[in-house]
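**Q** I'd like to go over a predicted model; first the sequence, then the structure.
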Amino acid sequence: MTMMGTFYKLVSANRERSYCVSLAPGISVGKVSELIRAIDGRKALLVTTPTVARLYANKIAGRLIESGVDLSMVVLECTERSKSFTEVERLCQKCFEVDLDRRSLLIGLGGGVCTDLVTMAASLTRRGLSYLRIPTTLIGLIDAGIGVKGAVNLPNKKSAIGVFCPPDHVLLDPAFLQTLPRGLISDGLAEAIKVGVAIDPLLFEFLEQFSNELLKSPSTADMTKLTELVWRSSLRLLEELEKNLYEDKTYQRVLDFGHTFSPLLESMSDFQVSHGVAVAIDIALSSALAHELGLLSFEDRNRILRSLRTAGLPISSPVLTDEVCVKALGEIEAHRGGHLNLVVPSRIGRSVFINEKQRLPVSALQRALRFLDQESSGQTLLRPVASTVTHAAPRD
């Protein structure tokens with residue numbers, strides 16, 4: 001075809017992709033039949049972390065090899081500080097060392113950093129390998145491990161470089177949570193509270209009732225309730241994500257709730273403030289702002305703050321000054337197509353967008369920060385991010 005004397009061809013670049021997220025109870029204790037079906041005869045590299053290897057991955061790998069799977073395993077130190085191109089390159093090199101071909105796949109068995117690194121390596125090695133995710137933390141099970149994104153950090157920027165790369169399959173076993181330290185349970189609860197406040201009032205009510213029970217003793221938590229927490233949270237998140245999975249239809253995303261001020265808070269602390277803690281503080285600030293602007297009732301604001309505290313999470317940080325918040329708003333505009341698109345709750349289970357900075361007076365931001373500081377008096381505001389230890393010892 002020609003247009004004004006120029007030869008051209010319009011090339012369709014669409015790729016039809018889908019993936020399955022499913023409950024798979026029993027993987028944590030070595031029941032691998034569903035995992036074997038997902039591997040489907042392909043050569044595989046299992047990527048995990050030191051603690052997960054000791055508690056789970058060694059047994060899972062052994063069962064897979066006994067079943068005839070052609071499997072290698074690599075153990076990576078996975079922290080926010082090591083979520084870098086250097087680690088991705090090491091993982092890509094490992095793929096070639098164990099002779100993965102274009103039909104082979106990676107398996108990420110670990111928390112959000114582990115699955116991020118696997119996603120990045122899978123997207124780059126041989127221009128794209130298939131991969132599976134088996135998240136082992138609460139954040140992984142209900143958020144970081146179930147979408148299509150992967151990313152690495154730059155020294156001063158959270159998840160600055162990333163890809164959209166869907167997995168083949170995500171397998172969820174809530175029993176992994178029974179050996180998770182309480183701090184990492186709290187981190188995951190922040191993401192569940194985000195979903196509840198933003199879009200699901202019934203999930204929020206469930207969390208009000210169950211969070212404290214779960215934190216008291218993860219090892220003896222009711223498995224029916226754990227499964228409800230994991231499946232309802234992940235299902236609602238996926239239903240919302242699927243509307244705009246590649247973020248190419250709109251930059252207004254309800255699930256950005258809690259993720260406006262938190263990235264800068266994490267990076268300014270050199271990633272010593274955990275993701276869940278940063279999200280919790282962001283949720284608290286966004287909710288306090290909504291009340292200051294007359295968008296959220298006093299009662300609902302207080303319910304949200306109470307739910308965060310019940311989940312063992314802080315609601316403020318001395319790092320988050322009004323100057324830092326204004327800087328965060330400026331940085332987030334670049335990520336959201338030149339608009340603020342700040343998500344704030346209008347009631348439990350319903351959210352609205354503040355699209356332009358002009359609609360967000362600095363005075364309202366200052367009042368919200370001052371209120372949260374006063375409410376937080378006497379709290380330990382900054383809980384450091386966990387090290388590479390991501391699980392406690394399992395029960396006998």
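**A** Ah, there it is. Numbers count the residues shown, from 1 in each chain.

**Q** rest of the way, CA atoms for contacts and neighbours
**A** Fine.

**Q** so what's residue 391 scoring on pLDDT?
**A** Note on residue 391: pLDDT of 61.

**Q** With residue 4 instead?
**A** With respect to pLDDT, residue 4 has a value of 61.

**Q** and if you look at residue 379?
**A** 48.

**Q** next one: residue 38
**A** 98.

**Q** Spell out the residue ranges of the helices in the stretch 51-200 of the chain.
**A** 58-66, 85-97, 112-124, 138-139, 182-199 (DSSP state H, counting those that start in this stretch).

**Q** Can you give me every residue that contacts the residue nearest in space to the middle of the chain?
**A** Of all residues in the chain, the one closest to the mean position by Cα atoms, centre = their mean is residue 144, 2.8 Å from it. Shown in contact with residue 144 (Cα atoms under 8 Å, 6 or more residues apart in numbering): 112, 115, 116.

**Q** follow-up on the earlier one: so which of the helices of the stretch 51-200 of the chain comes closest to residue 38?
**A** helix 58-66 (11.8 Å; Cα to Cα).

**Q** so how far is the closest one from its chain's centroid?
**A** 27 Å (Cα atoms, centre = their mean, to the nearest Å).

**Q** What of stretch 84-98?
**A** On Cα atoms, centre = their mean, the centre of stretch 84-98 falls 22 Å from the chain's centre.

**Q** can I assume residue 287 is in contact with residue 296?
**A** Yes - shown here, residue 287 and residue 296 form a contact pair, counting by Cα atoms under 8 Å, at 7.3 Å.

**Q** which one of the two has more residues nearby?
**A** Using other Cα atoms under 10 Å, the more surrounded residue of residue 287 and residue 296 is residue 287, with 30 against 20.

**Q** Relative to residue 147, how far out is the more buried one?
**A** According to Cα to Cα, to the nearest Å, residue 287 and residue 147 sit 25 Å apart.

**Q** Name all residues that make contact with residue 280.
**A** Counted by Cα under 8 Å, 6+ apart, residue 280 has contacts 190, 258, 308, 313, 314, 315.

**Q** Against residue 345, how distant is the second one?
**A** To residue 345, residue 258 is 10 Å away according to Cα to Cα.

**Q** Residues that sit against both of the two, list them.
**A** With Cα under 8 Å, 6+ apart, residue 258 and residue 345 have common neighbours residue 286.

**Q** Need the per-residue pLDDT for the nearest residue to residue 27 once chain neighbours are set aside.
**A** Closest residue to residue 27 apart from its sequence neighbours, by Cα to Cα, 6 or more residues apart in numbering: residue 173 at 6.5 Å. According to the prediction, residue 173 has pLDDT 98.

**Q** swap in residue 356?
**A** So, for residue 356, pLDDT stands at 89.

**Q** now do residue 396
**A** For residue 396, pLDDT reads 31.

**Q** re earlier: out of the contacts of residue 280, who's nearest residue 230?
**A** For the contacts of residue 280, the nearest to residue 230 is residue 190 (13.0 Å; Cα to Cα).

**Q** Residue 286 and residue 343 touch, don't they?
**A** Yes - between residue 286 and residue 343 a contact is recorded at 7.4 Å, counting by Cα under 8 Å.

**Q** what is in contact with these two at once?
**A** Contacts common to residue 286 and residue 343, judged by Cα under 8 Å, 6+ apart, are 257, 258.

**Q** Any quick ChimeraX command for the buried ones out of the contacts of residue 280?
**A** In ChimeraX, this line selects whichever of those come out buried by 16 or more other Cα atoms under 10 Å:
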select :190,258,308,313,314,315
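
**Q** and which of the contacts of residue 280 is nearest to residue 152?
**A** residue 258 (19.6 Å).

**Q** residue contacts, that closest one?
**A** Counting by Cα under 8 Å, 6+ apart, residue 258 makes contact with 194, 279, 280, 281, 282, 283, 286, 343.

**Q** how about a cut-off of 7 Å?
**A** 194, 279, 280, 282, 283 (Cα atoms under 7 Å, 6 or more residues apart in numbering).

**Q** Could you look up the SS state of residue 258?
**A** Following DSSP: H, G, I helix; E, B strand; the rest coil, we place residue 258 in the coil state.

**Q** any idea how far it lies from residue 265?
**A** For residue 258, the distance to residue 265 - Cα to Cα - is 12 Å.

**Q** quick revisit: export the contacts of residue 258 to a markdown table and tack on distance to residue 7 and pLDDT?
**A** Shown next, in a markdown table, are these (distance: Cα to Cα, whole Å; pLDDT from 0 to 100):
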| residue | distance to residue 7 | pLDDT |
| --- | --- | --- |
| 194 | 51 | 98 |
| 279 | 51 | 98 |
| 280 | 55 | 98 |
| 282 | 52 | 98 |
| 283 | 53 | 98 |
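
**Q** Let me know the closest of those to residue 292.
**A** residue 283 (14.2 Å).

**Q** What is the burial count for the closest one?
**A** Counted with other Cα under 10 Å, residue 283 comes out at 32.

**Q** Could you do residue 135 as well?
**A** With other Cα under 10 Å as criterion, residue 135 counts 27.

**Q** correct me, but it touches residue 109?
**A** Yes - look at residue 135 against residue 109 with Cα atoms under 7 Å: they come within range, at 5.8 Å.

**Q** From residue 234, how far out is the residue lying closest to residue 60 once chain neighbours are set aside?
**A** The spatial neighbour of residue 60 that comes closest, neighbours along the chain excluded (Cα to Cα, 6+ apart), is residue 30 at 5.0 Å. Distance, residue 30 to residue 234, by Cα to Cα: 23 Å.

**Q** Equivalent analysis for residue 109, please.
**A** Taken as Cα to Cα, the span from residue 109 to residue 234 is 17 Å.

**Q** Please apply the same query to residue 337.
**A** In terms of Cα to Cα, residue 337 sits 27 Å off from residue 234.

**Q** who's more crowded, those two?
**A** residue 234 (25 against 12).

**Q** Quick check: which element contains that one?
**A** helix 223-241 (DSSP states H and E).

**Q** Now do that helix: everything it contacts.
**A** Contacts of helix 223-241 (Cα under 7 Å, 6+ apart): 141, 142, 143, 174, 192, 195.

**Q** Could you write me a PyMOL select line covering just the buried ones among these?
**A** The PyMOL command for the buried members of those (criterion: 16+ other Cα under 10 Å) is given here:
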select buried, resi 141+142+143+174+192+195
